[in-house]
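**Q** test case, fold it:
(chains A and B)
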Number of protein chains: 2
Amino acid sequence: MGRWEPDARGRMQRAALELYSERGFEQTTVADIAERAGVTERTFFRHFADKREVLFDGSAALQQAVVDAIADAPDDASPVDVATAGMLACAGVLDAHRDYPRRRAQVIADNQDLQERELLKMATLSTAVSAALRDRGVAALAADLAAEVGVTIFKVGFDRWVGGDDGADLAECMRIALGELRAVTASSAG
Amino acid sequence: MGRWEPDARGRMQRAALELYSERGFEQTTVADIAERAGVTERTFFRHFADKREVLFDGSAALQQAVVDAIADAPDDASPVDVATAGMLACAGVLDAHRDYPRRRAQVIADNQDLQERELLKMATLSTAVSAALRDRGVAALAADLAAEVGVTIFKVGFDRWVGGDDGADLAECMRIALGELRAVTASSAG
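**A** From the prediction side, this is the model:
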């Protein structure tokens, strides 16, 4: 495939997700994906290591967006607010592609190996958020916990967003989760 | 192996962890484990599905202890305090076996497949904690968030406990993590 066929990568991603939704992840081959996307298998493997990685292609860019937003946050923001600002940076991207992340989430929920990989990506993201907070001078324990709070409100907000029919965007779902997290944490006797 | 050889299961677990620490998980076979434990491979497979499951054998019992403690918590306790009480229920067990959980954590940290499995177990535990909180009448969103708080202080407390040289027990490390989590969350502008 040459330059006269733009967005081969995007077509492969969309084709893969369609096929995973229709047939299941296990039942889909790289040959199936290539055929539907109108590319050769060789082209597929120039872009992706295997059929699983198609689903995690955006992880590195997402993590970079989060880390950049953390570095750019105001100096006087609290660690949790900085972590939240980081996680909100990716919410806008996902909000703009409402259908893809929803269908992707369903494919992942149906396959344990994919669930495990997704959890590892989130754990890696939490570690990156904590490191970015430490770079701002936040102490190690506070950085780890603020990072976990950020990832938690992302996960819980994402589940509500995927499952919700009320049209709330992901950023709003995350803000609701943060408000509730603050409420339940404050009510702890400690 | 018959009843005159007690604790074959425990011997296999200890032998497996020793070998994983010495040689690495990938380089250890079931035959190696069986030999060191003084059992046949057939005995091994009567107890464990594969060499990975040896490391996760306690998960179900751990989760049951957590869920039981949640059910037994005082009626007027807040969701986060109930979730914390649940997670503290297993801290005593791990504190009593300081060396095994530490070495196990190192083996898991060295292998991505094991990390993914561990993360899935923790996610499953979080889901179980949330369900146990809902059974007590806690609303869904608060239950999900309180469960994530419980798992977070367990994870962060566990990391401090494993890495710490000050002799603090796991329960104390978890309480410190909860105090810090409350502090960072309270300082959020929301």
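
**Q** got the residues of chain A near chain B?
**A** Contact residues, chain A versus chain B (C-beta under 8 Å from any C-beta of the partner chain): A:77-81, A:84, A:112, A:115-117, A:119-120, A:123, A:141-142, A:144-146, A:148-149, A:152, A:155-156, A:159-160, A:176-190. Any C-beta I mention is one placed from the backbone N, CA and C, and that applies to glycine too.

**Q** and the host helix or strand of residue A:94, what does it pack onto?
**A** Element membership of residue A:94, judged by DSSP states H and E, is helix A:79-95. Applying 3 or more C-beta pairs under 8 Å, 6 or more residues apart in numbering or on different chains; DSSP states H and E, one finds that helix A:79-95 contacts helix A:59-72, helix A:112-135, helix A:140-163, helix A:170-186, helix B:170-186.

**Q** now render the ones you listed as TSV, adding mean neighbour count and mean pLDDT.
**A** Below are the helices and strands packed on helix A:79-95 laid out as TSV (neighbours: other C-beta atoms under 10 Å in any protein chain shown; pLDDT from 0 to 100):
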stretch	mean neighbour count	mean pLDDT
helix A:59-72	16	93
helix A:112-135	19	95
helix A:140-163	23	94
helix A:170-186	21	93
helix B:170-186	21	94
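
**Q** redo the ones you listed as TSV? Include distance to residue A:30.
**A** TSV is the format used below for the helices and strands packed on helix A:79-95 (distance: least, C-beta to C-beta, whole Å):
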stretch	distance to residue A:30
helix A:59-72	20
helix A:112-135	16
helix A:140-163	27
helix A:170-186	31
helix B:170-186	44
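
**Q** what about those helices, which gets the closest to residue B:45?
**A** Residue B:45 lies closest to helix A:112-135 among the helices and strands packed on helix A:79-95, at 21.2 Å (C-beta to C-beta).

**Q** who touches residue A:20 in this structure?
**A** Residue A:20 is in contact with A:28, A:55, A:107, counting by C-beta atoms under 8 Å, 6 or more residues apart in numbering or on different chains.

**Q** quick one: the first one and chain B, what's the gap?
**A** Distance, residue A:28 to chain B, by C-beta to the nearest C-beta, to the nearest Å: 21 Å.

**Q** then residue A:11?
**A** Noted for residue A:11: a distance of 29 Å to chain B, by C-beta to the nearest C-beta.

**Q** if we can go back for a sec, how about the contacts of residue A:20 in CSV, adding pLDDT and neighbour count?
**A** Listed next are these as CSV, based on pLDDT from 0 to 100; neighbours: other C-beta atoms under 10 Å in any protein chain shown:
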residue, pLDDT, neighbour count
A:28, 97, 22
A:55, 94, 22
A:107, 96, 18
